[in-house]
Every structure is written in structure tokens, then in C-alpha cells.
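> need a 3D model of the sequence below.
(4 chains)
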Number of protein chains: 2
Amino acid sequence: MSETKRTRIQTENRKIILQAALEVFARDGFRGATVDEIAKTAGMSKPNLLYYFPKKDDIYRNLLESLLGTWLDPLHDLDPNGDPAREIAAYIERKIELARDYPTESRLFANEMLRGAPILDDVLRGELKPLVDQKVAVLRSWMKTGRIAKVDPYHLIFAIWATTQHYADFDAQVQAVLGTQSEGRFHDAATSLKQIFLNGLRPR
Amino acid sequence: MSETKRTRIQTENRKIILQAALEVFARDGFRGATVDEIAKTAGMSKPNLLYYFPKKDDIYRNLLESLLGTWLDPLHDLDPNGDPAREIAAYIERKIELARDYPTESRLFANEMLRGAPILDDVLRGELKPLVDQKVAVLRSWMKTGRIAKVDPYHLIFAIWATTQHYADFDAQVQAVLGTQSEGRFHDAATSLKQIFLNGLRPR
DNA sequence: CGCCTTCTTGACCGTCTGGTAAAATCAACG
DNA sequence: CGTTGATTTTACCAGACGGTCAAGAAGGCG
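Here you go, the predicted structure:
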């Protein structure tokens, strides 16, 4: 069953389970989530769920693994040959779209970080870091040729990550401050962040 | 015992318990944290711990309540009569100091947000929102008189929160990218963030 | 249809969970 | 020093926890 040949029912049920587990893990964290709760959310019995994923750990790992691709994609798209301001603006936009369309995934990721990334630590050092280093080099080349201002590129990337993911991870706080019915808040966020990052606050 | 008159031992043990609970709750979340684990971390038996805080919930609420003061203080200091650029820079610095000196508190707060802020929701709407609204008015007045660039002030505040707290909440990721031994990372972060927020990235 | 594999279930297990009761120990004050 | 209240421990409980097992139900293919 662990091989790639899967029946129709397997494919369906695995998807249902992962979707349910995503919600529960994102809300309660790995330790706080229970197999019973995931099974209930998925609408199936616990033994049945464990037939597809023998261990609680398996579901969690599976979610994190499939998450990382989506997560790193936008950074990958940062084009060294594009216009710097445009590229950075596009990156911010893509990240805000992720926060809007995949908020639960963002929260799962945040939860894993809060725990000290016991599962993701390897892949962070093995996949994330090289990619970041590569894009840092791009940013540095833009800075060297005077196309963007000189700022520590690592902290610049962190800042973009932090600000965009904030709208998914701290949604409760954002809603408390902005009001629940703020429909265009992701659009407003993108606009504001692009302004801040590109122009800063000093009057021109 | 719930009144304000406390013996020496009560004062001491409550502090030890809260310190231990902070670590455990911040790492594992409310549901994932166990009274046993907190007691073990605090170096006392579970029934003894429950003698001071009869319910697991009591410890969690107590932590969150004492947290919020510290959390809102820096924003309170934003002076309408000060120099805008200086005030914002000082706010960023204070928030980075919080992330450096109270990272566990920051993670506890983040954990509560990820759960949808079931406990803090009231205080977010009752205390946080009015304070933010007030400071938003200050920022707007600075914008109106052309002392800083016009940006949605709510999203500006979110951006400062997100970027500074990122260094506490996503420490695992930051360390994976920057390397574990990056000693001056909080100082570098403050410098970079002040540059980004005040000057932006466009070359001058 | 018949047969074999896949899927689902209910009953169960040992451990952990938050919390309790009562007895034993300790601190402090006169 | 003794007594009284504060503190700590030991033993315990009912329910939840992750996970197993064997038996039954349902697909699916000739």
C-alpha cells in the first residue's frame, strides 16, 4: 500500500484524511491534535483512518512534505533578469495570494516552526537555505549595480515572509483590529506592503 | 488563596510554575501541553502544582493576561509629538528587543493566535483595537502633514509587528538560514528593518 | 455469479490525561 | 516547644489517548 499503485478509494480517502488533518494540526499543533478528532473531521472511524496512515506521525510528515513545494515556489520565480522593483512586487503579491488561498497550510507551517521545527529542520537546511542563498546573491547583485537600495538581503527576505504570512497566521488579530467584514484586506495588504518595501516611509 | 494575600512560598512557587508553563505552552500549545510536563519542568509533583493552579486553564489564562501588558507597552510609547521617523525607528527597536528578550512569550502569543485566539479575542477587541486606532490616528496626522509617506496605517503596524515577532516565532527557520551562531542577528535585524521601513528599496 | 482483495468496523489494550482525596510533612508564630 | 495552618506526597479515578486485532462488508474482475 505504501507503493505508488493506489486504488480509487485509497486516493480519495487519503485526500479526505489529509484535508481533515491539515485543519486539526494547524489549529492544535502536532501534540494537541488527536487521531480521533482528525477521523471525526474526515467523517470516518479511527481504525479506518489508521488503515491509510498507520501512525499519527505519518499524516503530519505527509502534510509537511507536500507543503514545502508550494511554499518555496514563489521565491523560485524571482527572476535575476527581471526589473528588480517589479520582481520584488510580484513576489510580495504571490506570497499574499498564498496567505489568502492557503491560510491553513501557513498555520501548519507556523506551528511546526513554533515547536522548533523538529521535523522540518533537515529540509530547511537542505533545501530552503540553498535557495535563499541563491536569491540573496541575486538581490546583492541588484544592490551592487545600484538598482535597489543596499539592505541585508537575508533580513529583507525574512521581512517579506513575515509580513505576508502574518495575514494567515495572525488572522484572529487582524480581524480583531480591522473588523471581521474587511473583504479587501488581502488586496489592501498587498498594496500597502509593496509601497512600504519599495518606497519606504520617508516623504519624497 | 485566590485573594491577593500570598505567603512567601506561594509567591515563589507560582512564579516557578508560570515560568515552566510558559515554556511548555509556547512549544506545544494549550492542547498539546500537559500538566505533567509542566510539573516536571517546574520540578514539582502534579498534585502540588494543582494546589497552586487548580486547573490547567488557570495557568494558561494567567500567562496570557500578564503577557498583554508587556506586549502593548511599546506601541503606547509612540509619541505624537516626536519626530515621525525617529518614533517609528524607536518602535521597531523596542519590538526587536522584546523578540530578543522574551521570545518564549512571543511564541505563546503566536500559539494563541494560531488557535484563533479563543481566550484573547475579547481583550484583542477591547484593549488592543482602541490602542491601535489611536496610534493609527497619529500616523494619519503625520501623513496628512507630509511628514511620512501615505500608506495604510493599519497595514503598516501589522508589518512592524510581523517583521519583529518573526525573529522569535520563526527562530528555527531564521537559524537554519542564517546559521546557528549568528550572534548579532537581532542587531542586524533592527538595522535592516529600520532601513527598509524608512527608506524602502528603491535606489535614491 | 463466485472469488479474492480491499475496505470498514467494533471491541479492546496499555498508557497518559486532568483532576481528586486524604494523609503526611513542613513552616511559622506564640 | 507545641499547635495550627500551609504545603507536599501517595494513591487513586474516570475518561481520553494512540494503536491493534479479528471479523465482517463491499468492490471489482473473470
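> distance check, A:Gln165 against B:Gly69.
26 Å (C-beta to C-beta, to the nearest Å). C-beta here means a position set from N, CA and C on the backbone, and glycine is covered the same way.
> I misspoke; the intended subject was A:Thr180.
With C-beta to C-beta as the criterion, A:Thr180 and B:Gly69 are 26 Å apart.
> can I assume A:Glu87 is in contact with A:Asp79?
Yes: with contacts counted by C-beta atoms under 8 Å, A:Glu87 reaches A:Asp79, the gap being 5.7 Å.
> okay, these two: which has more neighbours?
Per other C-beta atoms under 10 Å in any protein chain shown, whichever of A:Glu87 and A:Asp79 has more neighbours is A:Glu87, with 19 against 13.
> contact partners for the most centrally placed residue in chain A?
By C-alpha atoms, centre = their mean, chain A has its centre lying nearest to A:Ser106, at 4.0 Å. A:Ser106 makes contact with A:Leu98, A:Ala99, A:Gln165, A:Ala168, A:Asp169 under the criterion C-beta atoms under 8 Å, 6 or more residues apart in numbering or on different chains.
> report the separation between the fourth one and A:Gly146.
From A:Ala168 over to A:Gly146 the distance is 35 Å, taken as C-beta to C-beta.
> what of the third one?
Going from A:Gln165 to A:Gly146 by C-beta to C-beta gives 30 Å.
> neighbour count winner among these two?
In terms of neighbours (other C-beta under 10 Å), A:Gln165 is the more surrounded of A:Gln165 and A:Gly146; the figures are 25 against 10.
> that one - nearest residue in space that isn't next to it in sequence?
In space, and not counting its chain neighbours, A:Gln165 is closest to A:Ser106: 5.3 Å by C-beta to C-beta, 6 or more residues apart in numbering or on different chains.
> and that neighbour, how far is that from A:Asp171?
9 Å.
> remind me which residues of chain A are low pLDDT?
A:1-4 (pLDDT under 70).
> what parts of it come near DNA strand D?
Residues of chain A lying near DNA strand D by C-beta under 7 Å from any atom of the strand: A:7-9, A:33-37, A:46-47, A:50, A:54-57.
> now with 6 Å, please.
A:Arg8, A:Thr34, A:Val35, A:Asp36, A:Lys46, A:Pro47, A:Leu50, A:Pro54, A:Lys55, A:Lys56 (C-beta under 6 Å from any atom of the strand).
> any idea how far A:Arg125 is from A:Leu67?
Distance from A:Arg125 to A:Leu67, by C-beta to C-beta: 17 Å.
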